[in-house]
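Student: have a look; sequence and predicted model below, questions after that.
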Amino acid sequence: MYDALTARYTFACPHGEPSHVALSAFRRLERLPGAAHPAVYGVRFDCACGDEHPGLVSHDELDWAPLGGHAGSFVDLMTSRTGDAADELLHTAALHLKAGEWPWSFFCYPEGRPRPVFPSAFVAVAPGERWLGLAVRCPACSALSVNLVSRGHVDVPFANDARIGVVDHVFAEDALRSLEEFQAELHSSRFDERRLDLA
Ligand SMILES: [Zn+2]
Ligand SMILES: [Zn+2]
């Protein structure tokens, strides 16, 4: 249900055709209690029909599929041979990792440092014209930080923004209960510009 070549997840839309959405169209992500192997995440996403719908994504689909692990085969137009897109994409991902680049990163406000992260640590996304508000639960200290990032930073693995905005306080758990509350928080918050170099 994730297509690595278009970087889109496919979900059912109750109003018609299946919806193909990028990670940045997710509005909320929450690990569901119960199922642990694999863990399952309940998400809410903005659909092309104009509504927000619920969907389910496995941990694997969320964190590994964007790196190309499930890409399947493709036809190489130069040789007319069928190739394995997963091999190619994973090879590219391995080269990035060897160079010390991480597929996703964010700036942890309480720790005052950038950290590598996977999409399963994303908690909420607030859409904006130029920037998205991205709430991330830090895998190291568990605090909730909010960064202002580009769409590509969220949707494209290894396309980390060099500079991002960081809200200068720790978010309370209930500040992100609804998209409206999250956006109101963003509008009343101050941002510091930070560099995201992990090296
Ligand atoms: Zn829809
Ligand atoms: Zn942290």
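Tutor: Everything's here; your move. Every value quoted in this text rests on a predicted model; they were computed, and no experiment measured them. Numbering: from 1, shown residues only. Ligands and ions are numbered 1, 2, ... in the order given.

Student: next to ligand 1, which bits of this structure? Give me the list.
Tutor: 13, 15, 47, 49, 51 (CB under 5 Å from the ion). C-beta here means a position set from N, CA and C on the backbone, and glycine is covered the same way.

Student: 6 Å instead, please
Tutor: For the chain, the residues in contact with ligand 1 (CB under 6 Å from the ion) are 13, 15, 19, 47, 49, 51, 53.

Student: what sits against the last one?
Tutor: Residue 53 makes contacts with 11-14, 19, 44-45, 47, as judged by CB atoms under 8 Å, 6 or more residues apart in numbering.

Student: and those residues, which of them are buried?
Tutor: 11, 13, 19, 44-45, 47 (16 or more other CB atoms under 10 Å).

Student: pLDDT of the lengthiest helix in the chain, averaged?
Tutor: Longest helix in the chain by number of residues (criterion: DSSP state H): helix 85-98. Mean per-residue pLDDT for helix 85-98: 83.

Student: could you list the buried residues of it?
Tutor: 85-86, 89-90, 93.

Student: same check, this time on stretch 122-130
Tutor: Those would be 122-126, for stretch 122-130 by 16+ other CB under 10 Å.

Student: before we move on, back to that, adding distance to ligand 2, write the buried residues of helix 85-98 out as a markdown table.
Tutor: A markdown table is the format used below for the buried residues of helix 85-98 (distance: CB to the ion, whole Å):
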| residue | distance to ligand 2 |
| --- | --- |
| 85 | 34 |
| 86 | 32 |
| 89 | 29 |
| 90 | 28 |
| 93 | 24 |
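
Student: just put the buried residues of stretch 122-130 in JSON lines and tack on pLDDT, distance to ligand 2 and secondary structure.
Tutor: JSON lines is the format used below for these (pLDDT from 0 to 100; distance: CB to the ion, whole Å; DSSP: H, G, I helix; E, B strand; the rest coil):
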{"residue": "122", "pLDDT": "97", "distance to ligand 2": "14", "secondary structure": "strand"}
{"residue": "123", "pLDDT": "95", "distance to ligand 2": "13", "secondary structure": "strand"}
{"residue": "124", "pLDDT": "95", "distance to ligand 2": "17", "secondary structure": "strand"}
{"residue": "125", "pLDDT": "96", "distance to ligand 2": "19", "secondary structure": "strand"}
{"residue": "126", "pLDDT": "95", "distance to ligand 2": "20", "secondary structure": "strand"}
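
Student: out of the residues you listed, the closest to residue 97 would be?
Tutor: residue 122 (19.8 Å; CB to CB).

Student: the closest one and residue 132 touch, don't they?
Tutor: No - using CB atoms under 8 Å, residue 122 is not in contact with residue 132; the gap is 10.5 Å.

Student: who touches both of those two?
Tutor: Counting by CB under 8 Å, 6+ apart, the contacts common to residue 122 and residue 132 are residue 154.

Student: let's see the pLDDT reported for the spatially closest residue to residue 58 that is not a sequence neighbour.
Tutor: Nearest non-adjacent residue to residue 58, counting by CB to CB, 6 or more residues apart in numbering: residue 38, 4.7 Å away. Residue 38 carries a pLDDT value of 81.

Student: thanks a lot, catch you later.
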